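[1] coords below, sequence missing:
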Ligand code: SAH
């Protein structure tokens, strides 16, 4: 009999689990706290559960986070974990400390089906969705590694971004379950403003998102018109910019708080989408959408056919939008020395991983190397 992995169950699902087992629903709260606040994996250590219940849980359930293959720490404090999931594939999770906050970049799928032309993940194709346990497991692992299950931990995770590998809205149910756990006061208790879902624009799913959850939204736009976006983000041919922005505005309208804004992500690629005319067109395009704009200098990876934006073009782009009244931020490169920056994640470490995977394959274990590219 296979055991249920309780790690990925939301409070409601855990309540159902206990009810189906003939137990009281409030057990869910106790067990959530043990798993996500104290990092406990052993039912026998859950001292506020009776002996009988502990034995019953040990026989029918488990708490199984993904396995950490390696951990690297950068001089600037950035940490990167290579995490192996069921089936042998790996994803990467990155922790980025900044003044007053710590952000964890989390993956939602192994590979990605969208094949954006500037993204390394797309080049490897789609493997499978991560389970809710594998998604929240990345946060569990990072929290444990940073000492966060102890009260006096200094390296806290205050923000999460679904900007790792994969398209979160194409793994809707598992991602929503993980987001719920991130915000649950009995689990990680993160504020909804500090939990961000980033999407390339799966419009029907975005239309559904606002009905089920309230998190911050980032849209990977990357182009100010459909002709250019069709090339960079092929999904645009199905859901063009006008429908995407309309859906994003509708999402904002569903939220109780009227002052929320969308983050528009725009990866700047040398002489592709970084011209003054693009900046002006973008400013026009976004006029009716409450947003701030996050510019991401393109990070190269092996096999990439684009070049990073020139510093002068980046500044010009930013200034044009700022003059039009937009809040514009530039995503700085972090974790350079451990190849943990956006777009670098597929590079050095994974070359190394790939080598060791080849090794293992030769040894007959036959595992699939997987790379991730983060935002
Ligand atoms: N599929 C979702 C989640 C991935 S987020 C989405 O598209 O939003 C990943 C972010 O990383 C994207 O916004 C993209 O801007 C950025 N990105 C991908 N490849 C990049 C690269 N080579 N250089 C810089 N940023 C990149």
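    Here it is on my side, so go on. A quick note: this is a predicted structure, and the numbers were derived from the prediction, not measured.
[2] check contacts around the closest residue in space to residue 234 that isn't next to it in sequence.
    Leaving aside its chain neighbours, residue 234 sits nearest to residue 115 (5.8 Å; criterion: C-beta to C-beta, 6 or more residues apart in numbering). For glycine as for every other residue, the C-beta is placed from the backbone atoms N, C-alpha and C. With contacts defined as C-beta atoms under 8 Å, 6 or more residues apart in numbering, the neighbours of residue 115 are 122, 123, 125, 234.
[3] can you redo these as JSON lines with secondary structure and pLDDT?
    Putting those into JSON lines (DSSP: H, G, I helix; E, B strand; the rest coil; pLDDT from 0 to 100) gives the following:
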{"residue": "122", "secondary structure": "helix", "pLDDT": "86"}
{"residue": "123", "secondary structure": "helix", "pLDDT": "86"}
{"residue": "125", "secondary structure": "coil", "pLDDT": "88"}
{"residue": "234", "secondary structure": "helix", "pLDDT": "98"}
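[4] tell me what residue 218 is bridged to.
    residue 198, residue 263 (DSSP bridges).
[5] please look at it and residue 266 and confirm they touch.
    No - under the criterion of C-beta atoms under 8 Å, residue 218 is not in contact with residue 266, lying 10.8 Å apart.
[6] what touches both of those two?
    Shared contacts of residue 218 and residue 266, defined by C-beta under 8 Å, 6+ apart, comprise residue 294.
[7] among the contacts of residue 115, who's most crowded?
    For those, the largest neighbour count, defined by other C-beta atoms under 10 Å, is 21 neighbours, found at residue 122.
[8] dihedrals phi and psi, the nearest residue to that residue once chain neighbours are set aside?
    Using C-beta to C-beta, 6+ apart and skipping the chain neighbours, the partner closest in space to residue 122 is residue 115 (3.9 Å). Main-chain torsions, residue 115, degrees, to the nearest 10: phi 60, psi 50.
[9] per-residue confidence at residue 115?
    In this prediction, residue 115 carries a pLDDT score of 94.
[10] please apply the same query to residue 88.
    At residue 88 the predicted local distance difference test score is 85.
[11] repeat that for residue 363.
    At residue 363 the predicted local confidence, pLDDT, stands at 31.
[12] same deal with residue 374?
    pLDDT, read off for residue 374, is 41.
[13] how about residue 341?
    As predicted, residue 341 sits at a pLDDT of 60.
[14] same question for the one 3 residues further on.
    Here the pLDDT value assigned to residue 344 is 51.
[15] how about residue 4?
    Model confidence at residue 4, expressed as pLDDT, equals 96.
[16] now do the same contact list for it.
    In this structure, residue 4 makes contact with 17, 60, 61, 62, judged by C-beta under 8 Å, 6+ apart.
[17] buried only: go through those for me.
    By neighbour count, with 16 or more other C-beta atoms under 10 Å, these hold 17, 61 as buried.
[18] looking at the contacts of residue 4, which are in helices?
    17, 60 (DSSP state H).
[19] with adjacent residues omitted, what lies nearest to residue 72?
    Distance criterion C-beta to C-beta, 6+ apart; nearest residue to residue 72, sequence neighbours excluded, is residue 338 at 4.2 Å.
[20] that neighbour: neighbour count?
    21.
[21] contacting residues for it?
    Residues counted as contacts of residue 338 (C-beta under 8 Å, 6+ apart) are 72, 73, 74, 78, 80, 349.
[22] filter these to the buried ones?
    The neighbour-count test (16+ other C-beta under 10 Å) marks 72, 74, 78, 80, 349 as buried among the contacts of residue 338.
[23] may I ask which two of those residues are separated the most?
    When those are compared pair by pair using C-beta to C-beta, the farthest-apart members prove to be 78 and 349, with a separation of 12.4 Å.
[24] relative to the ligand, which of the contacts of residue 115 is nearest.
    Distance ranking of the contacts of residue 115 against the ligand, using C-beta to the nearest ligand atom, places residue 122 first at 8.5 Å.
[25] in contact with that closest one, which residues?
    By C-beta under 8 Å, 6+ apart, the contact list for residue 122 reads 112, 114, 115, 116.
[26] right, and residue 62 touches residue 6 too?
    Yes - taking contacts as C-beta under 8 Å, residue 62 lies within contact range of residue 6: 7.2 Å.
[27] for residue 50, see how far away residue 60 is.
    Distance check for residue 60 against residue 50: by C-beta to C-beta, to the nearest Å, it reads 15 Å.
[28] now swap in residue 335 and tell me
    Separation of residue 335 from residue 50 (C-beta to C-beta) stands at 46 Å.
[29] can you check residue 302 too?
    Using C-beta to C-beta, one gets 56 Å for the distance from residue 302 to residue 50.
[30] show me the strands in the stretch 201-350 of the chain, by range?
    The residue ranges that make up the strands of the stretch 201-350 of the chain, judged by DSSP state E, counting those that start in this stretch, are 216-220, 262-268, 291-297, 328-330.
[31] of these, which is nearest residue 179?
    Going through the strands of the stretch 201-350 of the chain one by one, with C-beta to C-beta as the measure, strand 216-220 comes closest at 10.4 Å.
[32] list the helices and strands that closest one packs on?
    Contact here means 3 or more C-beta pairs under 8 Å, 6 or more residues apart in numbering; DSSP states H and E; on that basis strand 216-220 packs against strand 195-199, helix 241-254, strand 262-268.
[33] now render the ones you listed as TSV, adding mean neighbour count, mean pLDDT and distance to residue 10.
    As requested, the helices and strands packed on strand 216-220 are exported to TSV (neighbours: other C-beta atoms under 10 Å; pLDDT from 0 to 100; distance: least, C-beta to C-beta, whole Å):
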stretch	mean neighbour count	mean pLDDT	distance to residue 10
strand 195-199	22	98	14
helix 241-254	17	97	20
strand 262-268	23	98	25
